[in-house]
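Chemist: with the input below, show me the fold.
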Amino acid sequence: MTGVRGFCPMGCGSTLILGSGGYVTCGYLDCPRPEAPSELLAIAETEHVVHFYETNFAILHPLRERLDIVDYEGLEDCPLHQYLHGLDGPPIHLGRYRVIGRDGDAWAYVARPS
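Modeler: Presented below is the predicted three-dimensional model:
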């Protein structure tokens, strides 16, 4: 097993290792979810996923956006969040969508299973 630079997303600290099969795992024996690093790295979604409700919305920001957090005051400063927050209601039928695009209101909504 080889040590990996970084931190366990479950809060265990600098405990990552390269485990069997090349999976990044937490080496802390009491970690509540040692496979969490590999689960995060396996997420293929690179766009926002938004769930629209009658009176609000919830955004799952892509992980790459968290790398840009230094440029934002917080994830609520994301251009999509700002655009949606400024609307009087959902821009599309209620439900869950993959949202693609970044130019003003030129966002594309692709339905996703809830």
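Chemist: where does this protein have low pLDDT?
Modeler: Applying pLDDT under 70 to the chain flags the ranges 1, 69-73, 102-105.
Chemist: now the strands: where do they sit in it?
Modeler: 2-3, 16-18, 24-26, 48-52, 57-60, 95-100, 108-112 (DSSP state E).
Chemist: with distance to residue 34 and mean neighbour count as new columns, can these be given to me in CSV?
Modeler: Just so you know, the C-beta spots here come from the backbone N, C-alpha and C atoms, and that holds for glycine as well. Listed next are these as CSV, based on distance: least, CB to CB, whole Å; neighbours: other CB atoms under 10 Å:
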stretch, distance to residue 34, mean neighbour count
strand 2-3, 15, 10
strand 16-18, 9, 18
strand 24-26, 4, 23
strand 48-52, 26, 20
strand 57-60, 23, 15
strand 95-100, 29, 17
strand 108-112, 28, 13
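Chemist: tabulate these in TSV, adding columns for distance to residue 32.
Modeler: Formatted as TSV, these follow (distance: least, CB to CB, whole Å):
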stretch	distance to residue 32
strand 2-3	21
strand 16-18	15
strand 24-26	9
strand 48-52	25
strand 57-60	21
strand 95-100	27
strand 108-112	28
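Chemist: what number of residues lie near residue 92?
Modeler: 13 (other CB atoms under 10 Å).
Chemist: that one: what's it in contact with?
Modeler: 52, 109 (CB atoms under 8 Å, 6 or more residues apart in numbering).
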